[in-house]
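Enquirer: output the structure for:
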Amino acid sequence: MTILQALARYYDRLPGVATQGWASVKFGWCIVLTPDGTAVDLEDLRDLSGKKPKVKEYSVPCSDAVAERTSGIVSSLFWDKTAYVLGRTAGDGKRTAQEHAAFVKLHRDKLAGTQDEGLLALLRFVEAWQPEMLESLPRYVPDMLDANILFRLEGERGYLHERSAARNLLESDDAAESEAPAFCLITGEQGPIVRLHPKIKGVEGAQTAGARLVSFNLGAFTSLGKEQGANAPTSEAAAFRYGTALNKLLLRDSRNRLPRPIGDTTVVFWADASDVKAAEAVDALAGDWLFGDGDDVTDAQEAAKVRAQMENIAAGRPIAELPSDIDPDTRFHILGLSPNAARLSVRFWLSQSFGDFARALARHYQDMRVEPLPHGWGAAPAVGRMLVNSTAAQRDFKNIPYALAGEVLRAVLSGGRYPQTLLATALMRLRAGDDAGSGWHAAVIRGVLERDARFYGRDGAPMALDEKSTSEAYRLGRLFAALEHLQEQAIEGLKASIRSRFLASASAAPASVFPTLLRLSQHHITKLSSLVSSGSATFHDKLIQEILDGIPGSFPRSLKMADQGRFYIGYYHQRAERFRKRDADDKSPAKEEKNGE
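Expert: Predicted coordinates:
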């Protein structure tokens, strides 16, 4: 199934969306007319329940030309902003007269000969109205300037654009303006072909007025002399359906959209099922898993539940045994869009069963997992949080490398190999001074190594501290953490440890650093013996020797990129071990008894 076909199908799931030729538009006021066209009231349509009035949305007829107008003068039928309807604006008004003239002309042309009482009232109002009459409107307030205006006939609840005569007029106009029917590539049926595809709004970094997913605006994009939409024939109905569906998915408060872009990629997702409730259940569960980044799943019990679900799936437990309303065979779509001038680029498109998606996400969870979990791990390692903590300068989402973000997300959702640039970027950030003790870099590095081990049979990396590991690079990382701990114990008020001076060089060229560090460690052991009991010094000496015993021969002159990654994993594990032991000692029965005395 193609992207546009899947989006057109999703349109059927949307409750209360506008039909073709209509749009949801925000309105502030409604002018109430008598049958002779006199304005007898000005209704405030805004929501006044809060601290500030909020405009409300109404479904109104809206042509493509009106929806896309920016600098041109194009009037709406039956409604518009005050510059068009009343000839008044709060701005400079340089072209307000032309805008009002366009509104008057359109309604004179369209409503000529009408016998409907409401439409006749509107025509009489338009012909009699003068811009200088604005202040004489009943209940006029300056706040209404530049707001959209509706019309209603006195004594009726419905608006003029909702009358059957108005709908008949709109349908006849649509039929007259439709192009000759042709074969639609989305539906496979004959129908009027759209010339310009709909604009899509909500993609981060794209034009605020909207950008097109499909367009042919240059000769290089056309074929066989066809112009614009004729190069990829799409019916007007299909174009409206996919455009409406995608714009709905991209709304800021949509639960089918990742709250933050990943790099420059805005991500939306949705289930495709005939049963709307079943599809919504899949969407909700996928949202919990994808949003599980510590910010969006804040409840500890909920985070634990998501982690348990991921672990069960990764362990091979059938997905059908999870929530009873989830069908693992439900088709699941994930779309990543990036800005590209006036158009949108598809960064990735994945369409698979929800079961495949769940297993891929669970594999990602297992591959990236390190013990102890990094601070802020949350329910699951959401891609955005993972990347911002391991690849972005200043931990700023805007600094996530764009191309890398798309490649990583594609690998996560498809279960494929992580890009090697992920490993390289994480190491680069560590060399630039990122905190190697945070655990995020170690998690990312382990994920790359584990995927390589699965796909190419290479060596992976342990999840938790592995004192029996024979990996030389891993043991070197452990050794550095042990030496750092020794230094911190021996020197009170230490301002700059060996980590700030030697960690980056030790991970890349061990032979140039470790001999110096080992000689320095002997001074630290001697000093530690004089400060506290000899037991602490003996502990550090034995730990260092134990790690060294697993490193055969001399220190390597350099480490390959994968081994540099193992170095940092070993460093993180050994460094975290000392905090784990300290916490365990604090909670020991003897300690608690002493504290309770």
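
Enquirer: might you report the residue contacts of the most centrally placed residue in the chain?
Expert: Per CA atoms, centre = their mean, the C-alpha nearest to the average position across the chain is that of L258, at 2.9 Å. Remark: with contacts taken as CB atoms under 8 Å, 6 or more residues apart in numbering, L258 is in contact with 266-268, 290-291, 384. Backbone N, C-alpha and C define where each C-beta goes, glycine included.

Enquirer: and if we set it to 7 Å?
Expert: Counting by CB atoms under 7 Å, 6 or more residues apart in numbering, L258 touches 267, 290, 384.

Enquirer: narrow these to those in strands?
Expert: Helix and strand membership here follows DSSP state E; of the contacts of L258, those in strands are V267.

Enquirer: out of the contacts of L258, who's nearest H161?
Expert: Using CB to CB, the shortest approach to H161 within these belongs to V267, at 36.3 Å.

Enquirer: ok, what's across the strand from that closest one?
Expert: The residues listed as beta-bridge partners of V267 by DSSP bridges are G336.

Enquirer: can you count the residues close to it?
Expert: By other CB atoms under 10 Å, 25 other residues sit near V267.

Enquirer: same thing with G219?
Expert: Neighbour tally, G219, other CB under 10 Å: 8.

Enquirer: numbering from 43 from now on, please.
Expert: In the new count, where the first residue is 43, that last one comes out as G261.

Enquirer: and the gap between it and G267?
Expert: Taking CB to CB, to the nearest Å as the measure, G261 and G267 are separated by 10 Å.

Enquirer: contacts only, for the closest residue to D476 other than its chain neighbours.
Expert: On the basis of CB to CB, 6 or more residues apart in numbering, the spatially nearest residue to D476 that is not a chain neighbour turns out to be H483, at 6.4 Å. Residues counted as contacts of H483 (CB under 7 Å, 6+ apart) are 432, 468, 471-472, 476, 610.

Enquirer: as a markdown table, the residues you listed with secondary structure would be great.
Expert: Output for the contacts of H483, formatted as a markdown table (DSSP: H, G, I helix; E, B strand; the rest coil):
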| residue | secondary structure |
| --- | --- |
| S432 | helix |
| A468 | helix |
| R471 | helix |
| L472 | helix |
| D476 | coil |
| Y610 | helix |
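
Enquirer: ok, back up a step: reformat the contacts of L300 as TSV; add pLDDT.
Expert: Putting those into TSV (pLDDT from 0 to 100) gives the following:
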residue	pLDDT
V309	92
L332	72
G426	84
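
Enquirer: retrieve the pLDDT associated with the closest residue in space to R88 that isn't next to it in sequence.
Expert: Ranked by CB to CB, 6+ apart and with sequence neighbours excluded, the top spatial neighbour of R88 is P95, at 4.1 Å. At P95 the predicted local confidence, pLDDT, stands at 91.

Enquirer: for D122, see how far away P95 is.
Expert: P95 sits at a distance of 20 Å from D122 (criterion: CB to CB).

Enquirer: of the two, who's got more company?
Expert: Set P95 next to D122 and count neighbours by other CB under 10 Å: D122 wins out with 23 against 14.

Enquirer: before we move on, which element is the nearest residue to that one once chain neighbours are set aside in?
Expert: With CB to CB, 6+ apart as the criterion, D122 has its nearest non-adjacent residue at 5.9 Å, and that residue is F145. Assessed by DSSP states H and E, F145 sits inside helix 138-153.

Enquirer: what residues sit buried inside stretch 371-386?
Expert: Using 16 or more other CB atoms under 10 Å as the test for burial, stretch 371-386 gives 372-381, 385-386.

Enquirer: any stretches of the stretch 193-342 of the chain with poor pLDDT?
Expert: In the predicted model of the stretch 193-342 of the chain, residues 216-222, 333-342 satisfy pLDDT under 70.

Enquirer: can you show me the strands along it?
Expert: In the stretch 193-342 of the chain, the segments counted as strands under DSSP state E, counting those that start in this stretch are 223-225, 232-234, 241-242, 253-254, 308-314.

Enquirer: output the contacting helices and strands for the first one.
Expert: Using 3 or more CB pairs under 7 Å, 6 or more residues apart in numbering; DSSP states H and E, the elements in contact with strand 223-225 are strand 232-234.

Enquirer: next, the buried residues of the strand it packs on.
Expert: For strand 232-234, a neighbour-count test (16+ other CB under 10 Å) marks 233-234 as buried.

Enquirer: got it, and stretch 540-547?
Expert: Under the neighbour-count criterion of 16+ other CB under 10 Å, stretch 540-547 has 540-541, 544-546 buried.

Enquirer: from these, pick the one nearest D106.
Expert: Of all the buried residues of stretch 540-547, A546 has the smallest distance to D106: 56.9 Å, by CB to CB.

Enquirer: and that closest one, that one's in a helix?
Expert: Yes: the secondary structure assignment for A546 places it in a helix, going by three-state DSSP.

Enquirer: verify the stated contact: it with R473.
Expert: Yes: using CB atoms under 7 Å, A546 makes contact with R473 at a distance of 4.5 Å.

Enquirer: which other helices and strands contact whatever helix or strand L562 lives in?
Expert: Using DSSP H and E, the secondary-structure element containing L562 is helix 556-573. Applying 3+ CB pairs under 7 Å, 6+ apart, we find helix 556-573 packed against helix 514-532, helix 540-550, helix 576-591.
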